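> Show me how the following folds:
(one chain, ligands or ions: 2)
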Amino acid sequence: MAQGQVQIFDTTLRDGEQVPGCKLDTHNKLIIAERLDELGVDILEAGFPISSPGDFDSVVKIAQLIKNARVCGLTRAVKKDIEVAAEALKDAKKSRIHTGIGTSDSHIIYKFNSTREKIIERAVSAVSYAKSFVEDIEFYAEDAGRTDNEYLARVCEAVIKAGATVLNIPDTTGYCLPEEYGAKIKYLKENVTGIDKATLSCHCHNDLGLATANSIAGIMNGARQIECTINGIGERAGNTSLEEVVMIMRQHPDLNLDTNINSKLLYSTSQLVSESMGMPVQPNKAVVGANAFAHSSGIHQDGVIKQRETYEIMDPHDVGVTQSAIVLTARSGRAALAYRAKNIGFELDKLQLDIVYKEFLKVADQQKEVNDDDIPKIIEACGL
Ligand code: KIV
Ligand code: ZN
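Ligands and ions are numbered 1, 2, ... in the order given. Below you'll find the model as predicted:
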């Protein structure tokens, strides 16, 4: 992996699918998995095989289908989970077992009624056992975001010794601030013996709307894998959004970071996931929302018509959107009206535009948006 290359670990079909009421059947999962492979994700988390016979079956079929990505299955630090995941992944061209355990004091005390030392023992034996099936082992320290850094470093060191190749540092509850999460990654980079043998991975939840910012902070501090989902779907407020982190790295060449994602497939993949799950994308969603390249105020429209970059930092074609939209509302100006009228064959001179614009404003005040069908009627009402 090149120094500035960031691995994209997609968990749309595992963490993403934990959205209440949005369960996917195996058929839809296979369609999405194939599309994610085409998109260029490096690792595809296909499911949690022990969780249900249906999930096991989906992981088996995805493992058999996928040509390029490494297929991954989630487990708890439990022998049976690991055996079932290994069985589900056995036909994959490249596979990974993702095992782990909670490391914050609240997980250790309340969830496991255990101690820090015993948790390290369980983590090590889970990694060693998984290693007897598969070479590539990712370890997650659940609730790492609220885990004391010094203890987290000890956990990481122990699992690297046991054979972990990737260390997932999840901000499971979406609590961290970007500076804090970045500092955690930096601390691990500087204080874990053997860290050069493993890749640090960011897995951030969006409870405070910081998942993307935290993942980028992690990458800027030495992590080289981001765990994310299409449209940022996932448990509660969701996970880091794949399209956001990919485009942040693409639009900031100064960061010297890139991914293997074919960004031109981002919009269609977003639509596919949204339709398959029956989960609409919010219109103002960054990168793939319906309004991400739509301009509706007069000042912005005038600027974009003169030079797209005035109000757009991304070319819509780069994410698979055919063109920017100039939306006609009562906030639009003459430039936008003239532009849209010209697009449908009405070239208006300055005098005509003044007349038509007055009529346009009356219509626009009555309806939310003025469409292409309304324009000829407005022009006709002006006697032109
Ligand atoms: O958020 C989390 O901690 C997880 C782990 C199971 C990786 O999803
Ligand atoms: Zn998660």
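
> what about the strands in the stretch 1-150 of the chain?
Counting by DSSP state E, counting those that start in this stretch, one finds strands in the stretch 1-150 of the chain at the ranges 7-10, 43-47, 70-74, 95-102, 137-142.

> Tell me the residues of the stretch 151-300 of the chain that contact ligand 1?
168, 170, 172, 203, 205 (Cβ under 6 Å from any ligand atom). Yep, even glycine has a C-beta here, placed from its N, CA and C like the rest.

> Compare the strands of the stretch 1-150 of the chain and give me the one nearest ligand 1.
Nearest of the strands of the stretch 1-150 of the chain to ligand 1, taken as Cβ to the nearest ligand atom: strand 137-142 at 3.9 Å.

> got the angle for that closest one vs strand 70-74?
Strand 137-142 runs at 40 degrees relative to strand 70-74, counting by axes from the mean of the first three to the mean of the last three Cα atoms, to 10 degrees.

> Okay, now the sheet partners of strand 137-142, with direction.
strand 95-102 (parallel), strand 166-171 (parallel) (DSSP bridges).

> Roughly how far does residue 15 sit from ligand 1?
Per Cβ to the nearest ligand atom, to the nearest Å, residue 15 is found 5 Å from ligand 1.

> How about that residue: what's its closest non-neighbour residue?
Leaving aside its chain neighbours, residue 15 sits nearest to residue 234 (4.7 Å; criterion: Cβ to Cβ, 6 or more residues apart in numbering).

> Surely the one you found forms part of a helix?
No. Assigned with DSSP: H, G, I helix; E, B strand; the rest coil, residue 234 falls outside any helix and is coil.

> Wait, it touches residue 204, no?
No. With contacts counted by Cβ atoms under 8 Å, residue 234 stays clear of residue 204, the gap being 10.2 Å.

> quick one: which of these two has more around it?
residue 204 (30 against 24; other Cβ atoms under 10 Å).

> Surely the more buried one and residue 239 touch.
Yes. With contact defined as Cβ under 8 Å, residue 204 counts as touching residue 239 (7.1 Å).

> what touches both of those two?
211, 227 (Cβ atoms under 8 Å, 6 or more residues apart in numbering).

> can you put the residues of the stretch 151-300 of the chain next to ligand 1 in CSV and add neighbour count?
Converted to CSV, these look like this (neighbours: other Cβ atoms under 10 Å):
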residue, neighbour count
168, 23
170, 24
172, 21
203, 30
205, 25
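
> ok, now how distant is the residue nearest to residue 54 when sequence neighbours are not counted from residue 126?
With sequence-adjacent residues excluded and distances taken as Cβ to Cβ, 6+ apart, residue 54 is closest to residue 26, at 6.8 Å. Separation of residue 26 from residue 126 (Cβ to Cβ, to the nearest Å): 27 Å.

> So between those two, which is more surrounded?
residue 126 (26 against 16).

> just checking, the more buried one touches residue 85?
No. With contact defined as Cβ under 8 Å, residue 126 does not count as touching residue 85 (11.1 Å).

> Can you pull the domain assignment for this structure?
7-277, 294-381 (automatic domain parsing).
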